[in-house]
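1. Build the 3D model from these lines:
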Amino acid sequence: MTTKPLILLTNDDGFFAEGIQALFRGLKDLGRLFIVAPDREKSASSLSLSLHQPLRVQRIRSNIYSVEGTPADCIYLAMKKFLPRAPDLLVSGMNPGPNLGQQDVSYSGTVSAAVQGTFFQVPSMAVSLIADQDGDFHFREAARIVHRLAKFLLQHRLPEGITLNVNLPPPPMKGVKVTKVGVKRYEPEIIEKKDPRENSYYWIGRGNPKIVGDDETDVRAAQKGFITITPLRIDLTDYEAMRLAVIKKLTRTVASK
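-> Residues are numbered from 1 along each chain as shown. This next block holds a predicted model:
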C-alpha cells in the first residue's frame, strides 16, 4: 500500500484565514494535510521564535492546530510534536498581499515559515497573492495554480537549501517567470500619538514603496501580470565579497598586532 504524501500548511495570518483554508480545500486530493498556524495575525514576524514565554496550542479539529506563537514557532512544533513524520511538502500562505522585493522577503512571516521548513530539509514554498483593482484576492483560482506547483514538487524534490517564493497576480495572468529578488524601497510614515496619560506612542505605517530594478526582478514581473517564482537560498554567504580586496584587508587589520 502506497503511503499518502504528507503536506504541512502554515501562514502568518492565522489558521482561520481565507488563504490557508482555500489551500486546505484545494490540495486535499494530493495527500494527508495538516494545518499548524498562528492563532492570530503575525505579519512581519520574520524568523522570530518565542523563547521567553510558553506556547499554548489548541487542537481545532483533526489535523488542525492553532498556536499562540510565530510562524517559525509553528514549524518547530509541527515537526517535533504534531506531525507523525516529516512532511513531504510545506506550503506557507496564501498571503493576502504580495511578498516581493528584498524587504518584503526579509520581514515576511509567510516567507520565513517556508524558510524554516527548508531548515528542516523539507521542500517548502511561500505563496502570496496580489489584489485586483477592486482590492479583491482570487483565492480559488490561486489555489488551482498552487495545486499544480504542489503536485510537481511532490514528484520532483527541490535541491537542498532552496525555498520557493511564489507571487500570484489576479487573473488574467500573462504567464510565469522565474525571477530574482528585486527592490521596493519603503519610507514608512511614523505616526505619533498620545495615550490618556499623555505618554507618546508610535505606529509604523506602510508608506508607498518605490520600485527599483529591471524586468527580471519579481517586483517588475508581478507588476506586469506574471506569476513570479523566485528561488531563495538559505546560505546567505556572499562568495564574491569574500574575494574583495577590502575584505582581505579587513582580515589583515584584525590579525595585525
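
2. quick one: the strands in the stretch 151-257 of the chain?
-> 162-168, 175-178, 183-185, 190-194, 200-204, 210-212, 226-233 (DSSP state E, counting those that start in this stretch).

3. Can you show me the CA trace of the fifth one as PDB?
-> In other words, strand 200-204. Provided in PDB are the C-alpha atoms of strand 200-204 (Å, rounded to 0.1, in the frame of the first residue of the first chain):
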ATOM      1  CA  SER A 200       3.800  59.200  23.400                       C
ATOM      2  CA  TYR A 201       3.300  56.000  21.400                       C
ATOM      3  CA  TYR A 202       4.100  55.300  17.700                       C
ATOM      4  CA  TRP A 203       2.600  53.400  14.800                       C
ATOM      5  CA  ILE A 204       4.900  52.400  11.900                       C
END
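
4. going forward can the numbers begin at 4, since that is how I track them
-> With 4 as the first residue, the last one maps to strand 203-207.

5. For that strand, the averaged confidence score.
-> When pLDDT is averaged along strand 203-207, the result is 87.

6. Then the first one?
-> Per-region confidence: strand 165-171 scores 98 on mean pLDDT.

7. what do you get for the fourth one?
-> When the per-residue pLDDT values of strand 193-197 are averaged, the result is 89.

8. Sheet-wise, list the partners of that strand with their directions.
-> strand 203-207 (antiparallel) (DSSP bridges).

9. residues making contact with the partner strand?
-> With Cβ atoms under 8 Å, 6 or more residues apart in numbering as the contact definition, strand 203-207 has outside contacts at 191, 193-198. In short, each C-beta sits where N, CA and C put it, glycine included.

10. And the helices in this protein?
-> Applying DSSP state H to the chain gives helices spanning 21-30, 74-80, 104-110, 112-122, 142-158, 221-226, 242-245, 248-258.

11. got a list of contacts for the shortest one?
-> It refers to helix 242-245. Contacts of helix 242-245 (Cβ under 8 Å, 6+ apart): Ile250.

12. With only the CA atoms kept, save that helix in PDB.
-> Written as PDB, here are the backbone C-alpha positions of helix 242-245 (Å, rounded to 0.1, in the frame of the first residue of the first chain):
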ATOM      1  CA  TYR A 242      31.000  34.400  -2.000                       C
ATOM      2  CA  GLU A 243      32.100  37.200  -4.400                       C
ATOM      3  CA  ALA A 244      32.500  39.600  -1.400                       C
ATOM      4  CA  MET A 245      34.800  37.000   0.300                       C
END
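
13. quick check, distance from it to the centre of its chain.
-> 27 Å (Cα atoms, centre = their mean, to the nearest Å).

14. So what sits opposite Phe229 in the bridge?
-> Beta-bridge partners, per DSSP bridges, of Phe229: Gly178.

15. Surely Ala146 and Ala25 touch.
-> Yes: between Ala146 and Ala25 there is a contact at 4.6 Å, judged by Cβ atoms under 8 Å.

16. and His55, how far is that from Lys45?
-> Noted for His55: a distance of 16 Å to Lys45, by Cβ to Cβ, to the nearest Å.

17. swap in Ala248?
-> Note on Ala248: its distance to Lys45, by Cβ to Cβ, is 43 Å.

18. Count the residues that sit near Glu201.
-> 6 (other Cβ atoms under 10 Å).

19. Next: the one 3 residues further on.
-> Here the number of neighbours of Tyr204 (other Cβ under 10 Å) works out to 9.

20. Can you list the low-confidence ranges for this structure?
-> Along the chain, segments meeting pLDDT under 70 span 4-5, 260.

21. Find the centremost residue of it, please.
-> Closest to where the C-alpha atoms of the chain average out (Cα atoms, centre = their mean) is Val114, at 1.7 Å.

22. Would you mind measuring from it to Val169?
-> 10 Å.

23. what touches both of these two?
-> With Cβ under 8 Å, 6+ apart as the test, Val114 and Val169 both reach Ala129.
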